[in-house]
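Visitor: Predicted model follows, preceded by the sequence.
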Amino acid sequence: MTVSAAPAEAILEEAGTPRRRRIRGSSDARAYGLGTITAIYLLWALVPVAITVLFSFNAGRSRSTWQGFSLRWYTWDPTGSVLNDESIRNALSHTVLLAVLATAITVPLGVLFALALEAARAHAKIPTRTERAAGIPAPALAQRSCAAIALLHEALRDDPEHERARRAGGWVKHDGRWLWPETARRLDAGDVADPVRGWITKSQAARPTEPRPGRPVAWLSDHWKISSQAGPDAAATLARELELTHRVWRQAFGAFMAEPTDLERAVEGRSRPLSHGPFAATLFADRAAYVAELTKLEPTIARTLGLYWTPTHTAYFFPIGAGDDEPGVSTIHHEAVHQLFAEMRKTSPLVGERCGFWAVEAAACYIESLTPTEYGWTLGGRDAGRAPAARERLIDDGFYVPLEELCGLGRAELQADDRLPAIYSQIAGLADFFMNGEQAKYREAFVEYLVRIYTGSVSPDTLARLCGTSYADLDDAYRRHMARP
């Protein structure tokens, strides 16, 4: 998928569930009042135009008295007709040109926004208890939250100042600029964005200070608070990559954040942008300090290049380097994705403990495929990130863990599996398949599957039910996806 330089739990009903009784006169009255106001506005706006057009065919000069039908002002008047007066012809040609340009610009944008609105209104339908007991397969997930997010960002790509798309995407307008709510709040407080020290108060800006040796530096970005033992420059580099991850995650997985009804309200302009964070991150001075401090949290920390630790709601890193045992930007993106999934909505502290943990890691591996381009970024693809290794494992080595088995593994079982390195390659390929395969047919289902995992409502057969097909069919579809030339 292409990311511009932008699904949650559906509102569902079981068959036979009593509907809530409508409060008399509420939505009906609002709809009637809105229709009346709209009709009055159209009359007020269009009746004068209709009268003007009518009197353009008046035989006389009066603008209030009808003196007979005539084409005088269009053709035969020697001084005042369109045909004979050059200034009127120029005005008419400019009017037509502006009308054509306005139509060419607004119609495509309107269509994109209408498609986003329609996608936001679509909801899922799951099988009833009777259907599940009878083994009737579920239809593919019907909600289109991911499609709505994608269309919003397509509209913003073509018109970065599209107000409703900006507000639906979570931005607010501040002094003529579209900013994240967190940024606007800091500006309102009088804070200053310093390229070396991050967000600082006015008083701090007035007295520049050098960091004290041995003491961590507090570095504030738009969405993260970083405690850095590696100095402000390393913290600024980390902050830049974390903010990039946030921007890309909002476009790729933004549907994870909100219920479809909340997204619908946002697209219709009936909600306020919400602020999040600041998220916490710690940057150690080097790998040795990272291992020494975190071994008490994770005994196998020496095998890692970064860590998001759910109990402390903190992402841990050490400075980016070029060595094999030093983290690159993909590690930052990977761990930041774990943090965003865990903290951008209310989630369970036991994510993936019972089953489905592979998808948690798959989503993070998917973001590792982020590739900058001259027009933004690309995300995913069978030749990006770890997906080529997944293809090699499948086609050359014949390695594949069936989805039915994989979806039944919890965190401890997966991490203790002797096939773990090969499984990590496979899940990167599966992430690309579910996000992009068959024209993103299963993207909505996969994001909804992540919602179920993170909210603790997942079961081993959840993904198949959301996709509306069997795991065996999904296995076959994945093989076809990876085998394509």
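Guide: That came in fine, so what should we check first? Please read all numbers here as calculations on a predicted model, not as lab measurements.
Visitor: For the protein, which helix extends over the most residues?
Guide: Looking across the chain with DSSP state H, the single longest helix is helix 86-121.
Visitor: quick one: that one to chain centroid distance?
Guide: Centroid displacement of helix 86-121 relative to its chain, using Cα atoms, centre = their mean, to the nearest Å, is 28 Å.
Visitor: And stretch 369-384, by the same measure?
Guide: Worked out by Cα atoms, centre = their mean, stretch 369-384 lies 16 Å from the chain centre.
Visitor: so where do the helices sit in the stretch 151-300 of the chain?
Guide: For the stretch 151-300 of the chain, the helices defined by DSSP state H, counting those that start in this stretch occupy 163-168, 181-188, 202-206, 232-253, 260-267, 287-294.
Visitor: Now render the ones you listed as TSV, adding mean pLDDT and mean neighbour count.
Guide: (Glycine included, C-beta is placed from N, CA and C.) Conversion of the helices of the stretch 151-300 of the chain to TSV gives the following (pLDDT from 0 to 100; neighbours: other Cβ atoms under 10 Å):
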stretch	mean pLDDT	mean neighbour count
helix 163-168	90	20
helix 181-188	93	16
helix 202-206	85	11
helix 232-253	94	21
helix 260-267	83	21
helix 287-294	94	16
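Visitor: Can you say which of these is nearest to Ala428?
Guide: Taking Cβ to Cβ, helix 232-253 is the member of the helices of the stretch 151-300 of the chain nearest to Ala428, at 14.6 Å.
Visitor: Quick one: mean pLDDT for stretch 378-385?
Guide: The average pLDDT for stretch 378-385 rounds to 90.
Visitor: burial count for Tyr442?
Guide: 26 (other Cβ atoms under 10 Å).
Visitor: And for Leu71?
Guide: 14.
Visitor: Which pLDDT value goes with it?
Guide: 82.
Visitor: mind checking the SS state of it?
Guide: What DSSP: H, G, I helix; E, B strand; the rest coil gives for Leu71 is coil.
Visitor: I'd like to know how far it sits from Ala114.
Guide: Distance, Leu71 to Ala114, using Cβ to Cβ, to the nearest Å: 40 Å.
Visitor: Could you measure from Gly190 over to Trp180?
Guide: From Gly190 across to Trp180, the span is 17 Å (Cβ to Cβ).
Visitor: meant to ask about Glu335
Guide: On the measure of Cβ to Cβ, Glu335 and Trp180 end up 21 Å apart.
Visitor: Equivalent analysis for Gly198, please.
Guide: 15 Å.
Visitor: How about Ala236?
Guide: Distance from Ala236 to Trp180, by Cβ to Cβ: 18 Å.
Visitor: same question, Val360
Guide: Taken as Cβ to Cβ, the span from Val360 to Trp180 is 26 Å.
Visitor: Looking at the helices of the stretch 151-300 of the chain, which is nearest to Gly398?
Guide: That would be helix 232-253 among the helices of the stretch 151-300 of the chain, by Cβ to Cβ, at 30.7 Å.
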